[in-house]
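# Build me a structure from this.
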Amino acid sequence: MESAPGPKAARDQAPPLPVERLIRPFQDFARFGAAGGIVLMLSAIAAFVIAQTDLAEAYEKFFQHVIQIGLDEWVLKVPLGDYAKPLSLELFINDALMAVFFLFVGLEIKRELLVGELSSPRKAVLPFAAAAGGMIVPGAVYAAINWGTPQVDGWGAAVATDIAFALGVLMLLGKRVPAALKVFLTSLAIVDDLGALIVIAVFYTDQLDIDALRNAGFILAMLIGANLLGVKKITIYLLLGIPLWFFVLQSGVHATIAGILLAACIPARQRIDPDAFLDSNRHALDVFEAAKQQTADIRRNRELIAAARTIELNCEHVEPPLHRLEHKLAGLCAFLIIPIFAFANAGVHVGSGTELTSRVTLGIVAGLVIGKPLGILLACLIAVKLRLGELPCGVTWHHIHGASWLAGIGFTMSLFIANLAFKDSPHDLDQAKIGILSASILAGVIGLGVLLLTTKAPKSPSCDE
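I've put the predicted structure just below:
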């Protein structure tokens, strides 16, 4: 939901430093709502273009290199006895970096369930229904097209929604769409992510290693214990998250699930309440003002330093660790991790031998472009007709129609699941990638077109809460 602008920070009121002038254009771009989607799109386009050139072989070999620490080969190896496992750069991106992304996704899900749009049963019904319909129908469409073949296991690639891309396209419309539609699509995509995580854990888990699973359970118990004891230091949770990720990786469950488990353990309660925050900060500001009369040079005035430090600690303690970590990871995921993942996975060569009409490609395209909007619209219609849910304020069926197409942009999560489903079949994986890229482009263009043709800037309707 769009928030009102807050007060300017003291840093923003001071004359800008030369380095601040240099990076300001990049900061302004990062604040643009569609920025993450644009960077993601450019990364995918770059990978796809490279894959069609003479650099394709070098591109593929680069990501297949095994990371080793040594003079002859560049390899990362986990030296823990029988658990030592070398990783290629591609697997490092997909198993380690994406675990950080899933940590961020888990934090979003937890926040929405506790205090967001999914915390109220009445508000949550429509996004949950839309996400369910938007997963069941596409999966069924893909399965129907690939029924009786080994490729039917790839149905999970046709059910996901890419929140960054979908919201990026929606942000391009500005005030033509109500803020409530952005909240609805965000909630839908978050529930969809939760569904995708369940799909990954249940349907794309290898043979389980019970010893590693037991060790992961022990680390998880420590994380839960830290939460129950009131430990608020994010560093403690992140340090315990490293062995949790490692043992989950070795257990056969996909390593990114460790990110979700870690997110569930991050505390969502603040240490001090707003009244204590105000009282302490007012006193610290009084001390700061009185001490400034002696000297304004903070390097020479210990009272100024102490007052500033008190305000800093208060700011840290009034904001829950969950919100602080989510805020810190947002930019890292949007502008580094997800673009790297896209660049490493979107490079598929379309040559003379490519089957553009293979059942895998057709199943994914039909699932995302036909099944996704159909499933979302039907589910929303049923929920509203049965009076289980209601359309958000200012949102019409035209808006839901357009947003349902945008939800067909499966890109990041679809590529991720496709890598799991077809990890032993490179040919099918290439066909899946072609289907995902084609479907995401089609769904994005159609969704944008529907919203452009059927909406106009609203007259700021008043809504009863």
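# show me where this protein has strands.
Using DSSP state E, the strands of the chain run over residues 66-67, 76-77, 86-88.
# least reliable of the ones you listed going by mean pLDDT?
Comparing mean pLDDT across those, the lowest value falls on strand 76-77: a mean of 46.
# Would you point out which residue is most central in the chain?
By Cα atoms, centre = their mean, the mean C-alpha position of the chain lies nearest to residue 105, the distance being 4.6 Å.
# Next up, the contacts around that residue.
Contact partners of residue 105, counting by Cβ atoms under 8 Å, 6 or more residues apart in numbering, are 190, 193, 197, 259-260, 263. Every residue, glycine included, has its C-beta placed from N, CA and C.
# can you check residue 260 too?
102-103, 105-106, 109, 197.
# Can you tell me how far the nearest residue to it once chain neighbours are set aside is from residue 42?
Nearest residue to residue 260, sequence neighbours excluded (Cβ to Cβ, 6 or more residues apart in numbering): residue 106, at 4.2 Å. Counting by Cβ to Cβ, to the nearest Å, the separation of residue 106 from residue 42 is 27 Å.
# which one of those two has more residues nearby?
Legend: neighbour count by other Cβ atoms under 10 Å for residue 106 and residue 42, higher for residue 106 (26 against 13).
# What's the local residue count around residue 315?
Around residue 315 there are 12 residues (other Cβ under 10 Å).
# Then residue 112?
Residue 112: 19 neighbours (other Cβ under 10 Å).
# what about it, distance to residue 326?
Taking Cβ to Cβ, one finds residue 112 at 11 Å from residue 326.
# try residue 273
With Cβ to Cβ as the criterion, residue 273 and residue 326 are 21 Å apart.
# care to break the chain down by domain?
Domain ranges of the chain: 34-269+320-454, 274-318, per automatic domain parsing.
# hmm, what's the outermost residue in this structure?
Going by Cα atoms, centre = their mean, the residue of the chain most distant from its centre is residue 294, 49.6 Å out.
# Next up, phi/psi of that one, please.
Backbone torsions for residue 294, taken as degrees, to the nearest 10, come to phi -70, psi -50.
# That one is in contact with residue 287, isn't it?
No. With contact defined as Cβ atoms under 8 Å, residue 294 does not reach residue 287; the gap is 11.7 Å.
# Where does pLDDT dip in this protein?
For the chain, applying pLDDT under 70 flags the ranges 1-36, 65-87, 351-356, 457-465.
# what's near enough to touch the nearest residue to residue 365 once chain neighbours are set aside?
Of all residues not flanking residue 365 in the chain, residue 439 sits nearest, at 4.5 Å (Cβ to Cβ, 6+ apart). Taking Cβ under 8 Å, 6+ apart as the contact definition, residue 439 lies against 364-365, 367-369, 408, 410, 414.
# Give me the distance between residue 439 and residue 345.
15 Å.
# Same check on residue 101?
13 Å.
# Among those two, which residue is more densely surrounded?
Higher neighbour count among residue 101 and residue 345: residue 345, with 24 against 21, using other Cβ under 10 Å.
# ok, which stretches of the stretch 301-450 of the chain are helices?
Listed in chain order, the helices of the stretch 301-450 of the chain (DSSP state H, counting those that start in this stretch) span 302-318, 321-332, 338-345, 359-366, 372-385, 397-406, 411-421, 426-454.
# so how far is the longest one from its chain's centroid?
Between the centre of helix 426-454 and the centre of its host chain there is 19 Å, according to Cα atoms, centre = their mean, to the nearest Å.
# Next, the buried residues of that helix.
Neighbour-count burial for helix 426-454 flags 428-440, 442-444, 446-448, 450-451 (criterion: 16 or more other Cβ atoms under 10 Å).
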